[in-house]
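[1] Okay, predicted coordinates and the sequence, questions at the end:
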Protein chains: 4
Amino acid sequence: MPKVGMRAVRRSQLVNAAVELIEDHGIAGTSVSLISAKAGLATGMVHHYFADKNALLEATLWELVRRLTRQIYVQLAEARTPTERVLAYVDGNLCPASLTPRTVSVWLSFWGQVPHNPRFARIHNIIARRTQAALARTLAECMPREEAVRHAKVIVLFVDGLWLRAAIDPEGMTGEVAMQTAHDFLQRQLGAAFKRPVTSTRGKRPGENAARKSKRYR
Amino acid sequence: MPKVGMRAVRRSQLVNAAVELIEDHGIAGTSVSLISAKAGLATGMVHHYFADKNALLEATLWELVRRLTRQIYVQLAEARTPTERVLAYVDGNLCPASLTPRTVSVWLSFWGQVPHNPRFARIHNIIARRTQAALARTLAECMPREEAVRHAKVIVLFVDGLWLRAAIDPEGMTGEVAMQTAHDFLQRQLGAAFKRPVTSTRGKRPGENAARKSKRYR
Amino acid sequence: MPKVGMRAVRRSQLVNAAVELIEDHGIAGTSVSLISAKAGLATGMVHHYFADKNALLEATLWELVRRLTRQIYVQLAEARTPTERVLAYVDGNLCPASLTPRTVSVWLSFWGQVPHNPRFARIHNIIARRTQAALARTLAECMPREEAVRHAKVIVLFVDGLWLRAAIDPEGMTGEVAMQTAHDFLQRQLGAAFKRPVTSTRGKRPGENAARKSKRYR
Amino acid sequence: MPKVGMRAVRRSQLVNAAVELIEDHGIAGTSVSLISAKAGLATGMVHHYFADKNALLEATLWELVRRLTRQIYVQLAEARTPTERVLAYVDGNLCPASLTPRTVSVWLSFWGQVPHNPRFARIHNIIARRTQAALARTLAECMPREEAVRHAKVIVLFVDGLWLRAAIDPEGMTGEVAMQTAHDFLQRQLGAAFKRPVTSTRGKRPGENAARKSKRYR
DNA sequence: GATGAATGAGGGTTCATTCAT
DNA sequence: TATGAATGAACCCTCATTCAT
């Protein structure tokens, strides 16, 4: 009889293998047989557990989302004030653990598919909307709703810009630089509302003690 | 003697065909035979005029740069003050003529190759450095050098963010919206230094009467 | 489970098809698609069972070595004295079963690749060394070691010369002629040490009753 | 009006370029465009001066024959006795100037084509017959005709064997080694008829002072 | 005489996918 | 559940040859 839970295990094996391969060779350089080989499985398994290559890639994209979300949770775990929570979002996206050249490269690969793959486009839009909404909600705690939305938009755009830059110039735009740039920006952008001195060592310890709170950023 | 000047003509044909195909199907979906077919040439011609597919793609990327630069020239033609020149840069990048879904899609395709293609990476870094320097130089006309550099960085990042967003959500982030968002942002970001009321209809007429001034953005 | 043992079967099919095609059209005229077609398989199979065309050709060369070795075994099976064993080597190389125009043609094709293919060069050198050593060992049974080595070298060179000649003039230099020429040569070259009257009909019956003895020529 | 003699000049340019390329990359790796490029001419010129690629290769083969013949002339120039003339033939074929890895490699390339190219086969047979006849004629000056023919055959085969070996193992079988091996062999093979002490430095100076005598080896 | 543009078939190779076992 | 054999279209690229200029 079939082993229980095999499905989840196998899918996870394949997805993780796919992430690594896309990091190294991009989506174009990642074939089904490479994925199954790296996962230690036979080629046939990919189509046994996924409808086709695209379905596997879609699951892979969700896995990326999950990983990034986890980083944000890590930061959120210790955030107490709205200001800190905004920072947590930004830092979760830009901390060295998130903004590695490899990670950024995978995201870039998927972005490149968006215009020709409605499924990917949909996922990205969901994420973008979710993120912006969460950010706006947080900001609304200490400023008028309208202003909060406007700021949320700007922050998301700025973070996206940092990611794109990191992808194109991984040496010049490391996680450290990106965080510093973002902090400076936030300081000026949010002005008085952003009182807290942004000097903490936050983002430097990707402590595993978090990842439990606030489904809001999921 | 064989027809003279064919080289330039054919290369141009092939590059333009490549742009169109990448707009429609991405780099992955753009094969050499499709390119030559769209250009109305035999498959062999691609390798007669380019070392390989990659060389053609590189030329294609430069063509994209050229097109974008031309839009910036269009805007610059009528810019008189530093403020207007900063706007010209931003509008050249975001005006509806530049930020079409198709154009954005091609750029995204090339960005996706950057981590695995040193040639593309080099080109993108050249452009980024060039752009930021030009912007900083312009801003330095009305503020301290250091501050100018800082603003230039932020503006470039913000524009990049807008492009990425436009790529992922072409409906929501049209050229018009992008320009408006950017103008609002600039207004706040540059503050007093940015006195001029940004309300012009600029960017809506991609007049061909320009493209002559200021080698600085070249 | 997939069919077991297919690997060996398919590789053999492909190698045999390659031999036939190279016999007929040379290596240059033997394409992967021709090979797979002659083997009754899809083109993809070649790269499923071999790293690339070169790996298939390498396996094909080893198959040729195997076939030639088998002929030598056939002759060795009935050899009792050192003299007879020397003759067995020579006859195994030159008997009509070995020295057909087609066989010679395939070898010539591979020789032609040697200067530009290190793998082929290596294989040929291995064979040459092996052969000469075996011959010298046998000759050493009835003459001083030094002399045996000298004779072995000469015999190998002479046999090579006969192969080259057979390749260039298959009509004039048939297996029969080659054997007779070699026997005359050996008679004179080895002189007294070569007492046995070389008149047998050996080599004319490629009996399949042998191929078991003496690992020495392996 | 057409420049006189251009034909010969151009053909020579192309043939020499072909020799160099085949030395480096074999016949398979030598394309028409490579040849014309190396000759400093346009691609079209090959088909202007030769019927097709094969005709050029044929001319190239004849050029190789010419070069080898010239080496034999060099040796023949100083040969006085029949014995010396036999040596001259052998040395002309094997002297370091003739038996370079590159030269041997080109010949091997052409041999590889022989079974599938009647034109090449014909040329090779002409040369072989010519050579053997000349050698037999010389030997007949100091031994019975029948014996001379037999020896001529053996010598030619042995020299061919040395070439093949040199092709497959250029390090081990240099011109020097080949000459020494051949001299030893001749000494023993021809025995009393071969009185002259073979110790001269012959073959070490490819003096250009010869190349005039005896059309017999042409 | 000389150029190199142009062709299109064919080269080796990779690939997602299917399926018998 | 799991294997990897099998397919064949499509990939990029090379080539000998022709031909307008």
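    Structure received. Residues are numbered from 1 along each chain as shown, chains lettered A, B, ... in the order given.
[2] Find the nearest non-adjacent residue to the most centrally placed residue in chain A, please.
    Taking CA atoms, centre = their mean, the centroid of chain A lies closest to A:L68, which sits 3.2 Å from it. Nearest residue to A:L68, sequence neighbours excluded (CB to CB, 6 or more residues apart in numbering or on different chains): A:S98, at 6.1 Å. No exception for glycine: its C-beta is placed from N, CA and C like everyone else's.
[3] what pLDDT does the closest residue to A:P82 other than its chain neighbours get?
    Spatially, and ignoring its direct neighbours in sequence, A:P82 is nearest to A:E141 (4.2 Å; CB to CB, 6+ apart). A:E141 is assigned 91 on the pLDDT scale.
[4] Let me see the contact set for the residue nearest to the centre of chain A.
    By CB atoms under 8 Å, 6 or more residues apart in numbering or on different chains, the residues touching A:L68 are A:92-93, A:98.
[5] As TSV, those with neighbour count, distance to DNA strand F and secondary structure would be great.
    Formatted as TSV, the contacts of A:L68 follow (neighbours: other CB atoms under 10 Å in any protein chain shown; distance: CB to the nearest atom of the strand, whole Å; DSSP: H, G, I helix; E, B strand; the rest coil):
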residue	neighbour count	distance to DNA strand F	secondary structure
A:G92	26	35	helix
A:N93	24	35	helix
A:S98	25	32	coil
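[6] Closest to DNA strand E out of the residues you listed?
    A:S98 (27.4 Å; CB to the nearest atom of the strand).
[7] these two touch, right, A:V104 and A:I168?
    No. The pair A:V104 / A:I168 is not scored as a contact, 9.1 Å apart, by CB atoms under 8 Å.
[8] residue ranges of the helices in chain A, please?
    Counting by DSSP state H, chain A has helices at residues A:6-25, A:32-39, A:44-49, A:53-76, A:82-94, A:101-113, A:118-139, A:145-168, A:175-190.
[9] among the ones you listed, which is the most enclosed?
    Ranked by mean neighbour count, the helices of chain A are led by helix A:82-94 with a mean of 24 (mean count of other CB atoms under 10 Å in any protein chain shown).
[10] Please export the C-alpha coordinates of that one as CSV.
    Taking Å, rounded to 0.1, in the frame of the first residue of the first chain, the C-alpha atoms of helix A:82-94 are listed here in CSV:
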residue,chain,number,x,y,z
PRO,A,82,3.8,50.2,14.2
THR,A,83,7.0,51.8,13.2
GLU,A,84,8.9,48.7,14.1
ARG,A,85,6.4,46.6,12.2
VAL,A,86,7.0,48.7,9.1
LEU,A,87,10.7,48.2,9.5
ALA,A,88,10.2,44.5,10.0
TYR,A,89,8.5,44.3,6.6
VAL,A,90,11.3,46.2,5.0
ASP,A,91,14.1,44.4,6.8
GLY,A,92,12.5,41.0,6.2
ASN,A,93,12.7,41.7,2.5
LEU,A,94,16.2,43.2,2.5
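[11] care to break chain A down by domain?
    According to automatic domain parsing, chain A comprises the domains A:1-50, A:67-208.
[12] Tell me if the first one is near chain B.
    Going back to what we said before, that points to domain A:1-50. Yes. Using CB under 8 Å from any CB of the partner chain, we find that domain A:1-50 touches chain B at A:25-29.
[13] out of those, who's nearest DNA strand F?
    Distances from DNA strand F to the residues of domain A:1-50 next to chain B, taken by CB to the nearest atom of the strand, are shortest for A:A28, at 10.1 Å.
[14] Could I get the contacting residues of the residue in chain A that chain D sits nearest to?
    At 28.5 Å from chain D, A:G29 is the closest residue in chain A, using CB to the nearest CB. Going by CB under 8 Å, 6+ apart, A:G29 touches A:21, B:116.
[15] contacting residues for the closest residue to DNA strand F within chain A?
    Per CB to the nearest atom of the strand, the residue of chain A with the smallest distance to DNA strand F is A:G44, at 2.0 Å. A:G44 is in contact with A:S36, counting by CB under 8 Å, 6+ apart.
[16] Low-confidence ranges, chain A, go.
    Counting by pLDDT under 70, chain A contains low-confidence ranges at A:1-4, A:192-218.
[17] And stretch A:49-59, how far out from the chain middle?
    20 Å (CA atoms, centre = their mean, to the nearest Å).
[18] Stretch A:120-138 now?
    11 Å.
[19] Export that stretch to PDB, keeping only CA atoms.
    Output in PDB follows, covering the C-alpha atoms of stretch A:120-138 (Å, rounded to 0.1, in the frame of the first residue of the first chain):
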ATOM      1  CA  PHE A 120       2.900  33.400 -12.400                       C
ATOM      2  CA  ALA A 121       1.500  36.900 -13.000                       C
ATOM      3  CA  ARG A 122      -1.500  36.000 -10.800                       C
ATOM      4  CA  ILE A 123       0.700  34.900  -8.000                       C
ATOM      5  CA  HIS A 124       2.900  38.000  -8.200                       C
ATOM      6  CA  ASN A 125      -0.200  40.200  -8.100                       C
ATOM      7  CA  ILE A 126      -1.600  38.400  -5.100                       C
ATOM      8  CA  ILE A 127       1.600  38.900  -3.200                       C
ATOM      9  CA  ALA A 128       2.000  42.500  -4.200                       C
ATOM     10  CA  ARG A 129      -1.500  43.300  -3.200                       C
ATOM     11  CA  ARG A 130      -1.200  41.400   0.100                       C
ATOM     12  CA  THR A 131       2.000  43.100   1.000                       C
ATOM     13  CA  GLN A 132       0.900  46.600   0.200                       C
ATOM     14  CA  ALA A 133      -2.400  46.100   2.100                       C
ATOM     15  CA  ALA A 134      -0.600  44.800   5.200                       C
ATOM     16  CA  LEU A 135       1.800  47.700   5.100                       C
ATOM     17  CA  ALA A 136      -0.900  50.200   4.700                       C
ATOM     18  CA  ARG A 137      -2.900  48.700   7.600                       C
ATOM     19  CA  THR A 138       0.200  49.000   9.800                       C
END
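[20] Pretty sure A:N117 sits against A:N54.
    Yes. Look at A:N117 against A:N54 with CB under 8 Å: they come within range, at 7.3 Å.
[21] picking up where we left off before, mind putting the helices of chain A in TSV, distance to C:A152 included?
    Compiled in TSV, the helices of chain A are given as follows (distance: least, CB to CB, whole Å):
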stretch	distance to C:A152
helix A:6-25	53
helix A:32-39	48
helix A:44-49	54
helix A:53-76	60
helix A:82-94	75
helix A:101-113	60
helix A:118-139	70
helix A:145-168	66
helix A:175-190	70
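[22] quick one, which of the ones you listed is nearest to B:S33?
    Ranking the helices of chain A by their distance to B:S33 (criterion: CB to CB) puts helix A:101-113 first, at 21.7 Å.
[23] same for the closest one, what does it pack against?
    helix A:6-25, helix A:53-76, helix A:118-139, helix A:145-168, helix B:101-113, helix B:145-168 (3 or more CB pairs under 8 Å, 6 or more residues apart in numbering or on different chains; DSSP states H and E).
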